[in-house]
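Asker: Quick check, what structure comes out for this input:
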Amino acid sequence: MSSYKNKKVTNGINVVGKRPEAPPNYVLSQEDAIRMPGGFGDALKAVQSMPGISPMYQMYTGASFQSAIQTFAQATNPDKPDKPNGEKGFLVMRGAGARANQFYFNGLPMSYPFHADGLTSVINNNAIRSLELYSGSYSARYGFATGGIINIEGFQKRDSNLSVAHLNAFLTDVYTYRNITKNFNVSVSGKKYYPNIVFGRVPNLIPAETFLADYNDYQARIGWDISENHSLSFQTFGAKDKRYPFKELSQYNPKETAQSFANPPSDADAARLDRIFRTDGIQHIWKPKSSITNTFNVSRNYFNEVTENGLDVLVLDITKIGYPPSLYKRVQTIQNEYFNDLRQIENVSEVELLKRNWKIVFGGQYREVDTGYKGKVSQIDLDPTYNFIHQQLLNSSDVKSVLEGDSVRTRQIGTFFENRFKFYDFNLNLGVRREYYDKSREWKTAPRVAISKEIAYTQSRIFAGYGKHFQAPSDVSRYSARTGNPNLKMEESEHAEIGWDQKIGNFWNIKIEGYQNTFSNLSIADPYAMDPFSRNRDLMRESLDPNADLSLVRRSNLNYSNSMTGYSRGVEVFIKKEASAESGLYGWISYTKSITKRNRNLPELTKQEYSSWLAESSAKDLIHQENTDYYYANFYRDGSYDVLFKNSKEELYDFDRTHMFNMVIGWKFGEKAQIGLRGTYLTNYAYTPVVGSKSITSEQFNSQLLPSAAPPPPSSSSSSSSSLFSIYQPVYSDMLRSARLPHYHQFDLRFDRFIPTSWGRMTAYLELVNITGSRIAVSADTFVPIFPFVPGANPETQYIYLNGLQSLRTEKNKIPYLNFGIEFRF
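Answerer: Numbering: from 1, shown residues only. Here you go, the predicted model:
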C-alpha cells in the first residue's frame with residue numbers, strides 16, 4: 001500500500017525515510033515487513049532492520065521512562081570511570097538520544113512503539129497502512145525531537161470489509177474493519193500475550209531465574225464522512241505491560257541458586273515493571289476544494305509506569321548468610337511511580353498554489369504536559385546492622401525529595417511554514433519552525449531545507465538536506481525543582497545528509513547516504529551545578545519538616561545541567577531486490593558504519609579531589625556561581641573563590657555501534673509459499689575494562705559504598721566472622737572505553753505456507769528466531785569483591801536473552817525461539 005494519501009491503496013506497507021512528497025528511501029511491502037524472519041510476524045519490527053537504526057534490547061530497567069530513583073544514586077560506584085552519557089529507551093536513530101524520538105499513530109502521540117520485552121510492537125499489523133521513518137532532515141511539521149520521527153498511518157477507509165485472526169506460540173491478535181454505511185466505518189484490533197498463563201500450569205518446567213512478561217494492546221477507530229468536504233474520526237489506542245518474577249529461586253531450585261551464591265545481583269533480577277499508556281483523539285479533515293486541505297487534531301496521551309528496584313549489599317558476617325546461600329542480601333526495595341499526561345492540539349493546512357509545482361504547508365501544535373513521580377519504600381530489612389545504610393539513604397534530602405514526589409506542568413508551542421516546490425525532476429523543500437518552552441521561556445527557530453534531483457535516463461536521484469531541531473527535557477526528575485534543575489533549557493541538534501539513490505532495471509535499488517548530526521545543550525548529571533539561593537523551594541513543605549533547614553538564603557544542588565555536546569557521523573547503504581515475478585529471489589541488505597561521541601563538558605576530578613572540594617565548599621556560604629563553557633567559578637561569602645575547569649574529553653557514546661548489518665534473503669513460490677533467512681551483526685557498546693584488583697578492609701569497603709555514613713562499630717562475632725573474607729576492589733584501565741562488549745550476531749529462518757479458501761485465505765508459518773542461541777552481552781564490570789581479578793572470570797561478562805531476561809550461563813541451553821502460528825483472513 002502506498003504512503004501517498006491520494007494514491008490507490010495496494011497491498012503493502014511503505015517504510016519511508018523521507019517526507020511523503022519525495023520518492024521513499026526505504027520501501028518494504030506489507031508481506032515483506034510482516035514475514036521478515038526474526039520479526040515474530042510484527043510489521044513494525046522491520047524498522048529495526050533499516051539503516052541508521054540501532055535497536056536497544058530491553059532489560060526492563062533500561063526501558064524505564066524515568067530515573068527519579070537513580071537521581072540520588074549517581075555516585076553508587078564512584079570508582080567506575082564510565083559515567084553515563086545517555087538515557088535508556090527503545091532505539092537510537094543516527095546517534096541521537098534514546099529519548100530524543102517522537103512516535104505517532106494517525107498523527108496522534110504514542111508513548112512507546114514496542115512492548116517491554118521488545119519482541120512485538122503496540123500496533124496491530126492490519127491497522128497499519130503506511131509507516132513513515134524520518135531519521136535525517138525532515139519536514140518542519142514535526143518537532144519536539146532532536147532525534148527522529150516514526151509516524152504510523154492507519155486506514156481511513158477500505159473498499160470492503162475485512163477480518164483477520166492470528167494465533168501463534170506467544171500471542172493472539174485480531175482485527176476487524178466494517179463499512180456500516182457508505183460513509184460510516186468502524187475498525188477494532190487488539191493483541192494478547194499469554195505465555196504467563198501457559199507457564200503457570202507447568203511451574204516445574206520453568207527456569208528458576210525466569211521473570212514473566214504480560215502485555216496487551218488495542219486500537220479502535222470510528223470514521224464518518226459527513227459530506228464531500230468534511231470527515232470526522234474518533235480514535236483510541238493503548239497498551240499495558242507488566243513484568244514480575246515467576247517464582248522465588250529458593251522455592252524451586254536451591255541447588256542452582258547455591259552455585260551462584262557469590263555473584264552480584266543484576267539489574268534484570270531486581271526490576272519489576274507495570275506500565276500503561278492510552279491515547280484518545282478526534283480528527284477533523286476539511287477539504288473545501290481539491291487544492292486545500294485542513295487537518296485538525298485534538299488528543300490526550302496518558303502514560304503511567306511503576307518500577308521497583310532493590311538495594312543489595314555484600315554480607316560480611318557469615319552468620320547472617322541464609323539458605324540458599326548468597327553473599328548478597330536485599331536491604332531495601334524502593335518503588336517509584338511516574339506519570340505523564342499530554343494534551344495536544346494540532347492544525348495543519350495544505351494549499352496547492354500551482355498544481356504539481358508549488359504547495360505551502362503551515363500550522364502548529366500546542367501541547368500541555370502534567371508529569372510527576374512519587375517514591376515508596378516497599379521493603380526494608382530492619383536488622384540493626386543495616387541502620388547506617390537506611391540512615392544514609394532514607395534521611396538524605398535527595399532521597400526524601402524522591403519519596404515525597406513532585407509534579408510539574410509544562411507548556412510547549414510549535415509553529416511552522418513550509419514551501420514545497422517541484423519543477424520537472426527537481427524538488428525543493430524550504431521550511432522554518434518556531435518552538436517555545438515555558439520553563440526556560442525560550443523561543444527557538446529551526447530552519448529546514450531538502451533538495452533532490454532525479455535523473456530519468458539513468459534512473460538516479462541525488463538528494464541532500466539540513467535541519468535544526470529542538471526538544472525540551474524529557475525526564476521530569478531532571479527538571480523537577482526537588483530533584484533536578486528547573487532552569488534546564490531546550491536541547492538542540494543539527495542534521496545534515498547527502499546521498500545517491502540508484503534504480504537498476506525493474507527489480508534492484510541501491511541507496512548510499514552520508515550524514516552528520518551534531519548535538520548541543522544536552523542535559524547531563526552534573527554534581528557541580530548549584531543555585532546559591534535555592535530559588536525553587538517549597539517553603540510550605542519545609543515548614544512542616546522539623547529537620548529542614550529554614551534559612552532564607554542557602555544553596556542547593558541542581559544535579560543536572562545543559563553542558564553535554566556530541567556528534568554522530570556515518571555512512572548508510574541499502575540494497576533491495578524485488579522478486580522478478582510472482583516467484584523468485586527477493587531480499588535486502590542494510591549496513592551502517594558510524595561513530596558517535598559525547599563530551600560531558602564537566603570538571604574531571606579524582607575521587608579524592610572531589611571529596612576534598614566538596615567538604616571545603618560545603619563548609620562555606622556560596623553567594624554566586626558563574627557557569628561558562630569552560631569553567632565553574634564559585635564565590636563565597638568569606639571572600640574566597642574556586643575555579644573548576646571543564647576539562648572532560650570526548651568519549652564514545654553509551655550506545656555507539658561501529659557496524660550495524662542486516663541481510664534478508666528469501667524465495668517466493670508464487671501464491672503457495674515463501675522461505676526467508678535473516679542475518680544480523682551488531683558491534684556492541686564500549687566500556688573501560690578492569691585490569692586488576694587491590695585488597696581493602698571491610699570498613700574501607702563500606703565507607704566507599706556510603707562515604708558520608710558512619711557505620712556502627714562491629715560486634716566481636718561479626719568482626720571474627722567477616723575476617724574470613726578478603727575484600728577486593730577493581731582497578732580500571734587508564735584508557736577510557738578502550739574495550740567493547742562481545743559483538744552480537746543472530747540468524748533467523750521463516751517458512752510461510754499460503755492456503756487459499758472459498759471464504760478467504762489461511763497462512764501457516766514456522767519461525768526459528770536466533771538459530772545459534774546467541775545472547776546479548778550487557779556488561780563486563782560486575783566484579784565479585786570476595787575474589788581477586790581473574791581475566792575472563794572476575795569480572796565475568798553478563799548476558800541477557802532477546803526478551804531482556806538475564807542469562808545465567810552462556811554455554812548452556814543455546815536453543816532458538818520456536819515461533820509457529822496460523823492466520824485467517826476473511
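
Asker: mind checking the longest strand of the protein?
Answerer: Taking DSSP state E as the assignment, the strand of the chain that covers the most residues is strand 328-354.

Asker: For the helix or strand just after that one, the averaged confidence score.
Answerer: Going down the chain from strand 328-354, the next helix or strand is strand 358-380, by DSSP states H and E. Across strand 358-380, pLDDT averages out at 92.

Asker: buried sites along strand 358-380?
Answerer: By 16 or more other Cβ atoms under 10 Å, the buried positions in strand 358-380 come out as 359, 361-365, 367, 369, 371-375, 380. All C-beta atoms are positioned from the backbone trio N, CA, C, and that covers glycine.

Asker: so where's the longest helix in the chain?
Answerer: Ranked by residue count and defined by DSSP state H, the top helix of the chain is helix 607-618.

Asker: From the chain's centroid, how far away is that one?
Answerer: On the basis of Cα atoms, centre = their mean, to the nearest Å, helix 607-618 sits 35 Å off its chain's mean C-alpha point.

Asker: Grab the nearest non-local neighbour of the residue sitting nearest the centre point of the chain.
Answerer: When Cα atoms, centre = their mean is applied to the chain, the residue found nearest the centroid is G89 (1.5 Å). Closest residue to G89 apart from its sequence neighbours, by Cβ to Cβ, 6 or more residues apart in numbering: A98 at 2.8 Å.

Asker: How many neighbouring residues does that neighbour have?
Answerer: 21 (other Cβ atoms under 10 Å).

Asker: cool, and the one 3 residues further on?
Answerer: Close neighbours of N101, defined as other Cβ under 10 Å, add up to 23.

Asker: what's near enough to touch it?
Answerer: Contacts for N101 (Cβ atoms under 8 Å, 6 or more residues apart in numbering) come out as 89-91, 93, 145, 147-150.

Asker: and if we set it to 6 Å?
Answerer: 93, 145, 147-148 (Cβ atoms under 6 Å, 6 or more residues apart in numbering).

Asker: what's the answer for N161, then?
Answerer: By Cβ under 6 Å, 6+ apart, the neighbours of N161 are R178.

Asker: what does the model give it for pLDDT?
Answerer: 95.

Asker: just the helices in the stretch 351-500 of the chain please.
Answerer: Assigned by DSSP state H, counting those that start in this stretch, the helices in the stretch 351-500 of the chain fall at 387-394, 397-404, 476-479.

Asker: Okay, now the unreliable bits of the stretch 251-400 of the chain?
Answerer: 251-271, 314-328 (pLDDT under 70).

Asker: Can you name the next helix or strand after the longest helix of the chain?
Answerer: Heading C-terminal from helix 607-618 (DSSP H and E), you reach strand 622-627.

Asker: which parts of that following strand are buried?
Answerer: So strand 622-627, judged by 16+ other Cβ under 10 Å, has buried residues 622-623, 625, 627.

Asker: swap in stretch 390-404?
Answerer: In stretch 390-404, counting by 16+ other Cβ under 10 Å, buried: 390, 392-393, 398-403.

Asker: Closest one of those residues to R221?
Answerer: For these, the minimum distance to R221 (Cβ to Cβ) is 39.6 Å, reached by V402.

Asker: Just send the helices of the stretch 351-500 of the chain back as a markdown table, with distance to T772 too.
Answerer: Compiled in a markdown table, the helices of the stretch 351-500 of the chain are given as follows (distance: least, Cβ to Cβ, whole Å):
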| stretch | distance to T772 |
| --- | --- |
| helix 387-394 | 43 |
| helix 397-404 | 43 |
| helix 476-479 | 40 |
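
Asker: Between these, which one is closest to T415.
Answerer: Comparing the helices of the stretch 351-500 of the chain by Cβ to Cβ, helix 476-479 comes nearest, at 23.1 Å.

Asker: could I have the closest one exported to CSV, CA atoms only?
Answerer: Written as CSV, here are the backbone C-alpha positions of helix 476-479 (Å, rounded to 0.1, in the frame of the first residue of the first chain):
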residue,chain,number,x,y,z
VAL,A,476,10.7,15.1,34.9
SER,A,477,13.3,14.1,37.5
ARG,A,478,15.8,16.3,35.6
TYR,A,479,13.8,19.5,35.6
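
Asker: The chain: helices as residue ranges?
Answerer: Under DSSP H, the chain gives helices at 30-34, 68-71, 195-199, 249-252, 254-259, 267-270, 387-394, 397-404, 476-479, 539-543, 607-618, 698-705, 716-722.
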